[in-house]
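# Show me how the following folds:
(chains A and B)
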Amino acid sequence: MAQKTTDAAAVLPPGRQPRLDALRLRLLPQLTARAFPIILVTALVGMFLRIATTSGGEIAGEQLKNGLQIGAIYALIALGYTMVYGIIELINFAHGDVFTLSAFYAILFGQLFGFFGLNVTTLAPSSAGGLIACLLLLFPITMLAAGITGVLIERVAYRRLRQSPRLAPLITAVGVSFLLEGVMFAKFGAANYPARKDGWVHGTAFTAGGVPVRWNDVLVLSTALGLMFALQAFVRGSRLGKAMRATAQDRDAALLSGININRTIAATFFIGSALAGAGALVYSIYYNSVQWNLGFRYGIIAFTAAVLGGIGNIVGAGLGGFLIGVISVFGSQLLGGEWENSIVFAMLIIVLTFRPVGLLGMRVPDRA
Amino acid sequence: MLETPVSPIPADSVDLPATAGQTREVESSAIFWLLAVGGLLLVAMGWFLPWFVEPTANGIGFSPQDVVSSSPTGVGTVLVYVMGAAMLALLAGLVVDAVAVYGHRGRALRYEGARAVLALTGVVCTLAIWVLIGLSHEEPLFGALSASAQTDNAVWMTLTGFAICAFAYGLRPWIIRHTSVSLAGVAFIVGGLVPYIFNQSSDFISWAAGSLAIYTLLGLGLNVVVGFAGLLDLGYAAFFAIGAYTAGSLFGSRHGVHEIPFWVIIFLGAAVAALFGAILGAPTLRLRGDYLAIVTLGFGEIIPDAANNNLFSQTGGPNGISGIDRPGFGHFDFGTDYRYYFWALLILISLVIICMRNLERSRLGRAWVAIREDEVAASATGINTVSGKLLAFAIGASVSGFAGAFYGAELGIVTPEDFRFAVSVTALTIVVLGGIGNITGVAVGAMIVTFLIFWVLPHMTEWSTTVGHTTGITQLSTVPYEQYSFVVYGVMLILIMLLRPAGLLPSRARKVELQTGMESESLAAVRGTV
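Next up is the predicted model:
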């Protein structure tokens, strides 16, 4: 790795108007940095109130719940982006498609164990015990399959290019993404692939403030929160987590202190993909269908979440996921569902323009 | 007359003093092989196509035997014999060359004069046969050449292929000395003849005008952004869409301004696209390379979404804008005859290439190189990096808008689905495959990629059904080949990056850097944006 210690301030071109430069370079970013969370929260509250006044408080509450639920899935995907970016500074384009592929894994395994109503004889998911048994089986298997997919992708497409220019792995990442999408398209077809199931998962668990919360909402939120805390504990506490943090900080120094870089990076890919696999499993339970090109949209939205939270920052990815979920749901309630993608992408451009380090910023994207 | 203190050093060698000669030779040799193999391929296609397509059609394809047997004493027979002899002699010379190169690890070129004479003989014979066929189709001169579609195509293919081969083999030293001129000349002449070579296959001409030419333009434009300035743009289709929708809304049935000539509208489309490029670029160009990629990706999705959602009720929603006027000159209308679009695009592409080459060597082009290599250093030497990058973005976008406006007029309809992510990836694959930053490479990459994706894949079903019928393997006819286009893109992108990251025809600067052990250009390109 080449040394990149150039100090931006030291080599800036001499400004003709020093005061304006100072304003542009120091004051304005500080101002936007301070104001950004405030503006964001104000906008969210404003949107909530607007929905509450136009469509009623219960709709607003329902949408808030929907936003948090979809945000939990975004957060689970965003963790993979943020971990991989944190450790090798690569935008893993294929990550969204790993998510989609894992949803297919989940459906196929579920069919195997009779979860999705196609072969209900072996285990009965309509009872609570059967459901928990199914989930206990499905979560590890899906996450393992997803993790292995991620590690394979890293091994085949990224490892050889680790020392090459940044453009090279980015282009292979786009290639892997297309390859996975093409394979899924050829294998499962263009239509929605159904994961039909019935039972009490869609039934109401409890009602909070007039908003019915269903069991699958509980499942999605608890999965996301549980895995996020587990991940945080793992990265903070375990030996491998420490190795990951060291590799992310300085790969050469980590190598010198005896850390197996290849294994650490592979482990990062494994964990990131496994989290996407968990997200895919709860997704397939929640929405009952998967489409081959789902990963493109979910991938970009989750990446936006990671950027919003501060890329490389695990807590930030979780926070960003929930925020983007709520923003997209509120936005599509106000402007119409067909604008949902545009809202998220506009959000991405806004964040990168005004607050590129994200809310809980860790890395500075434009350290030129 | 005053004495003129002109430096005798050509511009090329000023660039790269150390290994320029060697690099040139390698590159020129690659281009020679490109011409030679391409020509041979055309000859082979022409020779075997009739045999493949119509194995039972009374045995008449275009082969020397057919001409000879149909009029054993005609002028055509004599010409065919002369042509064949010249071709054989040239091939023999090539084999001798290859053996000598293999043996001595050097380039053997002897009997240059004799070869040039042979080549000229071949070309003259070919042209004579062309003219004679044109003058006297199905005349006794050549006997009863079948007028069927395939045979006609085959005749043109064989003759063109032979002319290219003869040119390449016979004038190899000249080609190596005048690479660009010869390649451009051959490409332009052969390109202009394509509608004749394939005059019976309207499919092929619509492919050439609709896919090949349009994507060549897109590749050339994207090359400015990715290759020259080193900025990864994954939403390039957005500018394509903007150009197409500009032309569509100004020229379409909804509220068309039919008085403005088409040739003004395409520049308008380019200008609007450039404006959007600058608008998108202004806030985001401070970002590092991969962030820029994501932002452009997002932009590339917003634009077709906005068109799909009928923004301001101007874009027609999912049905798009239809009834776009066809271009033309005065009362002459191109209509749906793709040959005219193809020729117009050929001229446009030539003009764009000339502009690009000049741009590459201009003050701005050098500034781009500096920005690409090291942005901080470039900024320290007084280059305005922001305006440089903005200009790269705007110029790239304008070429795309140009292509988009033409595309809209060519199809007569624009719909949001024509501008999705796959278009951006196709353009990126073209640039990466051909060689990032190399104009010739982009043209070659466009040929390969569009041929594979838009010609081979759609026809695979048909072909494999034929093969399945002959071989009795019926499963072959049920394979849904078109579903695999994404797989083809993916595998191509991965393999190129892993095996030949500089592309098929690496740009000259990169070659020098690799040879002298410096950082590769892409490395610098990316480090430059770090």
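# State the distance from the residue most central in space within chain A to chain B.
Centroid-nearest residue in chain A, with CA atoms, centre = their mean: A:Ala78, separated by 1.8 Å. Look at A:Ala78 and chain B: by CB to the nearest CB, to the nearest Å, they are 13 Å apart. Heads up, the C-betas are built off the backbone N, CA and C, glycines and all.
# State whether that residue is indeed within a helix.
Yes: counting by DSSP: H, G, I helix; E, B strand; the rest coil, A:Ala78 is part of a helix.
# Quick check, it in contact with A:Gly312.
No: judged on CB atoms under 8 Å, A:Ala78 makes no contact with A:Gly312 at a distance of 11.5 Å.
# From the contact counts, what lies against the helix or strand A:Val307 falls within?
Element membership for A:Val307, per DSSP states H and E: helix A:294-309. Packed against helix A:294-309 by the contact rule (3 or more CB pairs under 8 Å, 6 or more residues apart in numbering or on different chains; DSSP states H and E) you find helix A:57-88, helix A:95-113, helix A:167-188, helix A:314-335, helix A:340-354, helix B:289-308.
# Make CSV out of those helices and add mean pLDDT and distance to B:Gly320.
Below are the helices and strands packed on helix A:294-309 laid out as CSV (pLDDT from 0 to 100; distance: least, CB to CB, whole Å):
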stretch, mean pLDDT, distance to B:Gly320
helix A:57-88, 86, 30
helix A:95-113, 85, 27
helix A:167-188, 85, 24
helix A:314-335, 86, 22
helix A:340-354, 80, 18
helix B:289-308, 80, 7
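# can you give me the helices for the stretch 301-450 of chain B?
Secondary structure of the stretch 301-450 of chain B by DSSP state H, counting those that start in this stretch: the helices cover B:338-360, B:363-373, B:375-380, B:385-411, B:421-434, B:439-450.
# Flag every buried residue along the last one.
Yep, that's helix B:439-450 we're talking about. Within helix B:439-450, the residues that qualify as buried are B:439-447, B:449-450, counting by 16 or more other CB atoms under 10 Å in any protein chain shown.
# Retrieve the pLDDT associated with residue 13.
No chain was given, so I picked chain A. pLDDT, A:Pro13: 49.
# switch to chain B, that's the one I care about
Model confidence at B:Ser13 (pLDDT) stands at 39.
# for chain B, what spans make up the strands?
B:321-322, B:328-329, B:332-333, B:413-414 (DSSP state E).
# can you tell which of those is closest to B:Phe167?
strand B:328-329 (32.6 Å; CB to CB).
# average pLDDT for the closest one?
The average pLDDT for strand B:328-329 rounds to 70.
# Same question for stretch B:216-231.
Per-residue scores along stretch B:216-231 average to 88.
# What's the end-to-end length of that stretch?
With CA to CA, to the nearest Å applied, stretch B:216-231 spans 19 Å between its terminal residues.
# State the distance from B:Val432 to B:Leu222.
Separation of B:Val432 from B:Leu222 (CB to CB, to the nearest Å): 10 Å.
# Who has more neighbours out of these two?
Counted by other CB atoms under 10 Å in any protein chain shown, B:Val432 and B:Leu222 do not tie: B:Val432 has more neighbours, with 32 against 29.
# burial measure for B:Leu498, as a count.
Residues near B:Leu498, counting by other CB under 10 Å: 17.
# any idea what sits nearest it, other than its immediate chain neighbours?
A:Arg160 (6.0 Å; CB to CB, 6 or more residues apart in numbering or on different chains).
# did I read that right, the one you found in a helix?
Yes: the assignment for A:Arg160 by three-state DSSP puts it in a helix.
# for B:Thr415, what are its contacts?
B:318-320 (CB atoms under 8 Å, 6 or more residues apart in numbering or on different chains).
# In PyMOL, select just the buried ones from those.
Of these, the buried ones go into a single PyMOL selection, burial set by 16+ other CB under 10 Å:
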select buried, chain B and resi 320
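# Out of the contacts of B:Thr415, which is nearest to chain A?
Nearest to chain A among the contacts of B:Thr415 is B:Pro318, at 10.1 Å by CB to the nearest CB.
# show me the contacts for the closest one.
Going by CB under 8 Å, 6+ apart, the list of residues near B:Pro318 reads B:308, B:415-417.
# 6 Å instead, please
Applying CB atoms under 6 Å, 6 or more residues apart in numbering or on different chains, one finds that B:Pro318 lies in contact with B:Asn308.
# how about the helices and strands packed on helix A:294-309 in TSV, adding distance to B:Val226?
Listed next are the helices and strands packed on helix A:294-309 as TSV, based on distance: least, CB to CB, whole Å:
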stretch	distance to B:Val226
helix A:57-88	21
helix A:95-113	22
helix A:167-188	8
helix A:314-335	29
helix A:340-354	19
helix B:289-308	10
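# B:Val124 is nearest to which of the ones you listed?
That would be helix A:167-188 among the helices and strands packed on helix A:294-309, by CB to CB, at 46.6 Å.
# ok, and the closest non-adjacent residue to B:Met497?
A:Thr172 (4.5 Å).
# which residues touch the one you found?
A:Thr172 makes contact with A:157, B:494, B:497, according to CB under 6 Å, 6+ apart.
# Just confirm A:Pro212 is within a strand.
Yes: under three-state DSSP, A:Pro212 sits within a strand.
# Relative to chain B, how far out is it?
31 Å.
# what do you get for A:Ala43?
19 Å.
# so where does that residue fall, helix or strand?
Going by DSSP H and E, A:Ala43 is in helix A:28-55.
# Quick one: distance of that helix to the chain centre.
22 Å (CA atoms, centre = their mean, to the nearest Å).
# If you count contacts, what does that helix end up packed against?
For helix A:28-55, the elements it packs on are helix A:57-88, judged by 3 or more CB pairs under 6 Å, 6 or more residues apart in numbering or on different chains; DSSP states H and E.
# Report the buried residues of the helix it packs on.
By 16+ other CB under 10 Å, the buried positions in helix A:57-88 come out as A:60-88.
# Which one of the helices of the stretch 301-450 of chain B lies nearest to B:Ala244?
The nearest among those, by CB to CB, is helix B:385-411 at 3.7 Å.
# With respect to A:Ser222, which of the helices and strands packed on helix A:294-309 lies nearest?
Going by CB to CB, the one of the helices and strands packed on helix A:294-309 nearest A:Ser222 is helix A:57-88, 8.9 Å.
# Contact residues of the stretch 301-450 of chain B facing chain A?
Residues of the stretch 301-450 of chain B lying close to chain A by CB under 6 Å from any CB of the partner chain are B:301-302, B:305, B:309, B:375-376, B:379-380, B:432.
# Just flag the most distant two among those.
B:Asn309 and B:Ala380 (45.5 Å).
# Which one's more surrounded, the two?
Counted by other CB under 10 Å, B:Asn309 and B:Ala380 do not tie: B:Asn309 has more neighbours, with 18 against 14.
# Count the residues that sit near the residue nearest to B:Leu498.
Other residues near A:Arg160 come to 15 when the count uses other CB under 10 Å.
# Good, we can wrap up now.
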